[in-house]
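Asker: 3D, please:
(2 chains)
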Amino acid sequence: MAVTVSIPTILRTHTGGEKAVEAKGGTVAEVIEDLESRHSGIKDRLITNGSLHRFVNIYVDDEDVRFAGGLEAPVGENSNVTILPAVAGGMR
Amino acid sequence: MDEIVAHARRDHPDEACGVIAGPEGSDRPERFIPMLNAARSPTFYEFDSGDLLRLYREMDAKDEVPVVIYHSHTATEAYPSRTDISYASEPEAHYVLVSTREPDTHEFRSYRIVDGVVTEEQIEVVETYMFAHTGADDVPDNG
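Answerer: Predicted structure coming up:
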C-alpha cells in the first residue's frame, strides 16, 4: 500500500530534491517512520517530543491531520499526504 | 507594493498577510494573492490551514512558487520578529514587511530569512513585470 507524499521545498534536502516521494503506512506516524527509513533526518523536522511540530501542517488528502486524529490519523490506500510549513508569524 | 499597503491598511489593526506568486525559478512576483489572517490578531498572523493547502495546490498546478510572502506589523517596525524568524520556511522567498503603526506613512522592507538568519534586501519597484520584461517602457529592469 503506497501513498504519495508531497515534500515542501525546505525538506527536499532530505529527499534529494524530490518534490514527491512514495511511502507506506496506515497512519501518519507510520508514514513518517517509513519516510525516515529512506530519508534520514526528516522525522526530526516534523515531530518534536512525539507530537507534530507546531510549524508544520500535514494533510491526508484534503484534511489537516490536526483535526483528524493527529499522528494517528488513518492513511488510506492511494492517499495523498501533503506536508506544508505553516505560514505564520507575529510582532513578538 | 500598493496592493500590499492597501491590504495592510484595510485590515489594520489586525495583521494582514498574503503572497505574490511567480513562475518557479523566475524570482518574479506576478500574481498577488491576499490571504485571510486566520488568527485575526493585531500581534499574530497565520494562513488558515485549508487556505494554505489550496494555495500551494494552485501554485503547483501553475508551476509557481511564493516569490514574496508579506505581512504587516501594526504597532512595531517592519523588521522580522523572533516569531517571524522561527516560522520562516521558504528560503527562496522574499519576506516583505509593512508597518502600519503610523497612520500617514508606512515602512516597507524586504528580507531573506534562511536558517534563522535575516538579511535585508533592496526593493526595486517596477510598474509591471510584463513591461519590464519586454523593455516596452523605460523602467529599469536589473532583475
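
Asker: and the longest helix seen in chain A, what does it pack onto?
Answerer: Counting by DSSP state H, the longest helix found in chain A is helix A:28-38. In terms of contacts (3 or more Cβ pairs under 8 Å, 6 or more residues apart in numbering or on different chains; DSSP states H and E), helix A:28-38 is packed against strand A:2-6, strand A:20-24, helix A:42-46. No exception for glycine: its C-beta is placed from N, CA and C like everyone else's.

Asker: what residues does chain B have near chain A?
Answerer: B:15, B:17, B:19, B:35, B:39, B:41, B:43-47, B:49-50, B:52-53, B:56, B:65, B:69, B:71, B:73-76, B:80-84, B:86-92 (Cβ under 8 Å from any Cβ of the partner chain).

Asker: hmm, try it at 7 Å
Answerer: B:43-47, B:49-50, B:52-53, B:56, B:69, B:71, B:73, B:75-76, B:81-84, B:87, B:89-92 (Cβ under 7 Å from any Cβ of the partner chain).

Asker: gap between the longest helix anywhere in chain B and the chain center?
Answerer: Under DSSP H, the helix in chain B containing the largest number of residues is helix B:49-61. Relative to its chain's centre, helix B:49-61 lies at 16 Å (Cα atoms, centre = their mean, to the nearest Å).

Asker: now it: average pLDDT?
Answerer: Averaging pLDDT along helix B:49-61 gives 96.

Asker: chain B is nearest to which of the helices and strands packed on helix A:28-38?
Answerer: Taking Cβ to the nearest Cβ, strand A:2-6 is the member of those nearest to chain B, at 8.1 Å.

Asker: if any of the residues of chain B next to chain A are buried, put those into a ChimeraX selection.
Answerer: Only the buried entries of these go into this ChimeraX selection, using 16 or more other Cβ atoms under 10 Å in any protein chain shown:
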select /B:43,44,45,46,47,49,52,53,56,69,71,73,81,83,84,87,89,90
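
Asker: among the residues of chain B next to chain A, which are in strands?
Answerer: Those of the residues of chain B next to chain A mapping onto strands are B:44-46, B:69, B:71, B:73, per DSSP state E.

Asker: spell out which residues of chain A are next to chain B.
Answerer: Counting by Cβ under 7 Å from any Cβ, the residues of chain A close to chain B are A:9-10, A:55, A:57, A:59, A:62, A:64, A:82, A:84-92.

Asker: tell me which of those residues fall in strands.
Answerer: A:57, A:59, A:64, A:82, A:84-85, A:88-90.

Asker: return the member of these nearest to residue B:123.
Answerer: residue A:89 (19.1 Å; Cβ to Cβ).

Asker: dump stretch B:76-90 to PDB, restricted to CA.
Answerer: The C-alpha coordinates for stretch B:76-90 follow below in PDB (Å, rounded to 0.1, in the frame of the first residue of the first chain):
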ATOM      1  CA  THR B  76       6.100  47.800  15.600                       C
ATOM      2  CA  GLU B  77       8.700  48.400  12.900                       C
ATOM      3  CA  ALA B  78       8.900  46.500   9.700                       C
ATOM      4  CA  TYR B  79      11.500  44.100  10.900                       C
ATOM      5  CA  PRO B  80      11.100  40.300  11.300                       C
ATOM      6  CA  SER B  81      10.300  39.300  14.900                       C
ATOM      7  CA  ARG B  82      11.600  36.200  16.600                       C
ATOM      8  CA  THR B  83       8.300  34.500  15.900                       C
ATOM      9  CA  ASP B  84       8.600  35.500  12.200                       C
ATOM     10  CA  ILE B  85      12.000  34.100  12.000                       C
ATOM     11  CA  SER B  86      11.200  30.800  13.700                       C
ATOM     12  CA  TYR B  87       8.300  30.200  11.300                       C
ATOM     13  CA  ALA B  88      10.100  31.300   8.100                       C
ATOM     14  CA  SER B  89      10.500  28.200   6.000                       C
ATOM     15  CA  GLU B  90      10.700  29.400   2.400                       C
END
